[in-house]
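1. Generate coordinates for the sequence data below:
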Amino acid sequence: MRIRKEWLCDDNGDIVYKPLSFWAEYFGLKPFEHDPNECFWKAEANDKEVRFRYAVLVEIGGGYVMAHDEYDKYKDELFFVANADIGWPKLRLKSR
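-> All right, here's what the predicted structure looks like:
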């Protein structure tokens, strides 16, 4: 995978959509400890292209982000990596 414009894409330049559980394992996502908002995640691993310099937000649509206790609800839904070209990448739910 590599960055094309602002997204993480495959070699053909198509946005990569994977279940949230895939991204959680791929980037080593863990809930930020002592997070009073319970919506910030930490990426333990960085892709060769994507650099997570700050906390990660998992956007579920309508301006809302996923809370720590909502992971199981969304783990099988398709997400993609947006803002991959800057220091604050996000996982964003694919529109249905």
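
2. all strands of the chain, in order?
-> All strands of the chain, identified by DSSP state E, fall at 2-4, 7-9, 18-19, 29-31, 41-43, 58-61, 64-65, 78-82, 90-93.

3. out of the ones you listed, nearest to E49?
-> strand 2-4 (4.8 Å; Cβ to Cβ). Where C-beta positions appear, they are placed from N, C-alpha and C, glycine not excepted.

4. pLDDT (mean, whole number) over the closest one?
-> Summarised as a single mean, pLDDT over strand 2-4 is 90.

5. Equivalent analysis for stretch 31-42, please.
-> Mean pLDDT, stretch 31-42: 86.

6. how about that stretch: buried residues?
-> Taking 16 or more other Cβ atoms under 10 Å as the neighbour-count basis, stretch 31-42 is seen to contain the buried residues 39-42.

7. Output these in JSON lines; the columns should cover distance to A55.
-> Output for the buried residues of stretch 31-42, formatted as JSON lines (distance: Cβ to Cβ, whole Å):
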{"residue": "C39", "distance to A55": "9"}
{"residue": "F40", "distance to A55": "4"}
{"residue": "W41", "distance to A55": "7"}
{"residue": "K42", "distance to A55": "7"}
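
8. Farthest pair within the residues you listed?
-> Using Cβ to Cβ, the buried residues of stretch 31-42 reach their maximum pairwise distance at C39 and K42, which is 12.1 Å.

9. need the contact list for D10.
-> Counting by Cβ atoms under 8 Å, 6 or more residues apart in numbering, D10 touches 1, 16.

10. Fine, thanks again, bye for now.
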